[in-house]
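Trainee: Fold the following, please.
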Amino acid sequence: MQTLTVESLAPYLEELPANPRIVCSGNGAIPWTLLAAVDAAVPAYVLNVLNPQPGVPDRDGVVLETSFVGAGARRSPRLRYVPSRLSMVPLLYAGALPPDVVLLHTSPPDDGTVSLGPEVNVLPAAVEAVRDRGGLVIAQLDPDIPYVYGDGELDVDAVDLAIEANDPPASPQHPAIDDVAMDVAERVAARIDDGATLQLGIGAVPDAVLQRLSSRRGLRVWSEMVSDGLLALERGGSLDADQVLTASFLFGSPQLYAWADRNPRLRLLRTEVTNDPGRIARQPRMVSVNTALEVDLFGQVNASRMNARIHSGFGGQTDFIVGALHAPDGQAMIALRSWHPKADVSTIVPMVDEPVTSFQPSAVVTENGVAPLWGSSERQQARDLVEHAAHPSVRDELWEEAAALGLA
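Mentor: Numbers count the residues shown, from 1 in each chain. The predicted structure follows:
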C-alpha cells in the first residue's frame with residue numbers, strides 16, 4: 001500500500017481505461033474525500049455504489065449504477081438500476097459488471113491490516129474481482145472508521161493506493177415512531193419468542209419491534225444490517241451472551257459505531273455469507289421482518305417500485321424470506337402500515353401492478369391485525385388479508401375485487 005496526498009492521486013487516475021467502472025463503499029461509509037478526488041480527475045465513469053446517499057457525483061459523464069437505489073440516485077436521469085438479489089451482487093463483479101477501480105473507506109492500518117469498518121457487504125468480492133483484473137484498490141484511511149472484526153479485515157497488500165482523510169460514517173435519519181408503528185410492532189413482537197434469531201431492517205416499524213423485545217432472552221442476530229435498536233437489546237440483556245452477532249453492515253449512530261469498534265461480540269461478514277438462504281435456513285427460530293410498499297391479495301409483495309419508478313430494489317428481502325421459511329421454526333413477516341401516509345392509499349391492494357419483490361411470507365402484519373399466509377388456500381389468504389390486515393375503509397372494495405379475481 002502506497003500512501004499519497006489527495007493531489008498526487010491524479011496521475012494514477014489518468015491512466016485508467018476510458019469510462020471505467022468504479023465500485024465504491026456505500027450506505028453510511030462513502031469515502032467522500034476520496035470520491036471527490038476521483039470525480040475531479042476522471043471526466044466520465046460508471047459509479048457503482050449500494051444505496052447511494054445525497055451528495056454522490058451526479059453530473060454529465062457519470063452513470064449511477066446500483067442494485068439498491070438510495071436517496072442520492074432515486075430521481076437521477078443518470079441512474080442505471082441493475083436488478084439483483086443482494087446475495088447475487090458479488091457474482092456481478094466477477095462477470096457482468098467487472099470493476100476497474102474499487103474505492104474503500106477503512107480504518108488506519110493496524111499490524112498490517114485495515115478494516116472496512118461498518119460496511120463490509122459486497123466489497124470483499126469487489127476487491128477480489130478488481131485485483132483479478134489488474135485494476136486499482138484505493139482506500140481512504142480514516143481514524144473515524146471503527147475497526148470491526150470479520151471479513152472486512154484486509155491485508156494492507158490488498159490496497160494499492162491510499163490517502164488520509166476524515167469523513168465520519170453517516171447516520172440515517174430515524175423516522176418518528178408513532179402510534180401506528182407501535183401497534184404494528186406490538187403484533188410482530190408477540191410472534192417472536194425467547195431464543196429467536198433476528199433479521200430486521202431499518203425504519204420506524206423495525207425500531208419499534210426491537211423496543212418491544214426488551215423482555216425476551218437468548219435472542220440471536222443473523223442479519224443483513226443492524227442499527228441502533230441492537231444496542232438497547234445488548235445493554236438490556238436480551239441477547240444471547242454466548243453467540244456472536246452476525247451482520248454484513250452497520251448503519252446507525254456514532255454510539256453504534258463506537259460500540260462496534262474492536263468488539264468481539266460482533267462479526268461483519270461478506271454478503272455471500274449473511275444473505276445466503278441456505279445459511280439463513282440453518283439459524284434456529286429464524287425471524288425475518290421486512291416492510292413493503294404494498295401487498296396484494298395473492299400474497300405478492302412490492303417493496304421496490306412506486307408508479308413504475310424504482311424506489312429501492314430487492315435488497316436482502318428475498319434472500320431472508322426464503323431462508324427464514326426453510327429454517328427450523330422459522331418465520332418471515334412483512335410488517336407495514338395498512339394505509340400509506342404520504343401516498344394516501346391502502347397498502348393492501350387487489351393485485352400489484354409493479355414488479356414483485358417477494359411473495360407469500362409467513363404472515364402480513366399491520367396495525368389492524370395479522371394475516372397468516374403460509375399453509376392457507378389462496379382464498380383464505382385473501383380473506384385474512386382483507387379482514388385482518390387491510391384498513392377498514394377499503395375492505396368492501398377489496399371484497400369486490402377479490403370476487404372479480406376468483407378469490408371470494
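
Trainee: Could you report the pLDDT at Arg74?
Mentor: Reading off the confidence values, Arg74 has pLDDT 94.

Trainee: Sorry, wrong one. I was asking about His174.
Mentor: Looking at His174, the pLDDT reads 74.

Trainee: for Leu373, same thing?
Mentor: 96.

Trainee: Pull up the gap between it and Val180, please.
Mentor: Taking Cβ to Cβ, to the nearest Å as the measure, Leu373 falls 22 Å from Val180. For glycine as for every other residue, the C-beta is placed from the backbone atoms N, C-alpha and C.

Trainee: neighbour count winner among these two?
Mentor: Taking neighbours as other Cβ atoms under 10 Å, Leu373 and Val180 compare with Leu373 leading, 24 against 18.

Trainee: which residues does that one contact?
Mentor: Each residue near Leu373 by Cβ atoms under 8 Å, 6 or more residues apart in numbering is listed here: 299, 360-364, 381, 384-385.

Trainee: can you confirm Val38 is in a helix?
Mentor: Yes. Val38 sits within a helix when classified using DSSP: H, G, I helix; E, B strand; the rest coil.

Trainee: what's near enough to touch the spatially closest residue to Pro168 that is not a sequence neighbour?
Mentor: Distance criterion Cβ to Cβ, 6 or more residues apart in numbering; nearest residue to Pro168, sequence neighbours excluded, is Asp144 at 4.2 Å. For Asp144, the contacting residues are 166-169, by Cβ under 8 Å, 6+ apart.

Trainee: Go through the residues you listed and flag which are in strands.
Mentor: Among the contacts of Asp144, no member is found in strands (DSSP state E).

Trainee: Adding pLDDT and distance to Leu47 as columns, could you present those in JSON lines?
Mentor: JSON lines is the format used below for those (pLDDT from 0 to 100; distance: Cβ to Cβ, whole Å):
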{"residue": "Asn166", "pLDDT": "97", "distance to Leu47": "22"}
{"residue": "Asp167", "pLDDT": "97", "distance to Leu47": "17"}
{"residue": "Pro168", "pLDDT": "96", "distance to Leu47": "21"}
{"residue": "Pro169", "pLDDT": "96", "distance to Leu47": "19"}
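
Trainee: Asp178: neighbour count?
Mentor: For Asp178, the neighbour count with other Cβ under 10 Å is 12.

Trainee: which residues does it contact?
Mentor: Ala204.

Trainee: Could you check how far it is from Asp207?
Mentor: 12 Å.

Trainee: Same check on Val370?
Mentor: With distances taken as Cβ to Cβ, Val370 is found 20 Å from Asp207.

Trainee: what do you get for Asp193?
Mentor: According to Cβ to Cβ, Asp193 and Asp207 sit 20 Å apart.

Trainee: And Ala260, by the same measure?
Mentor: 18 Å.

Trainee: So Pro11, which state does it fall into?
Mentor: helix.

Trainee: Neighbours of it, how many?
Mentor: Using other Cβ under 10 Å: Pro11 sits among 10 other residues.
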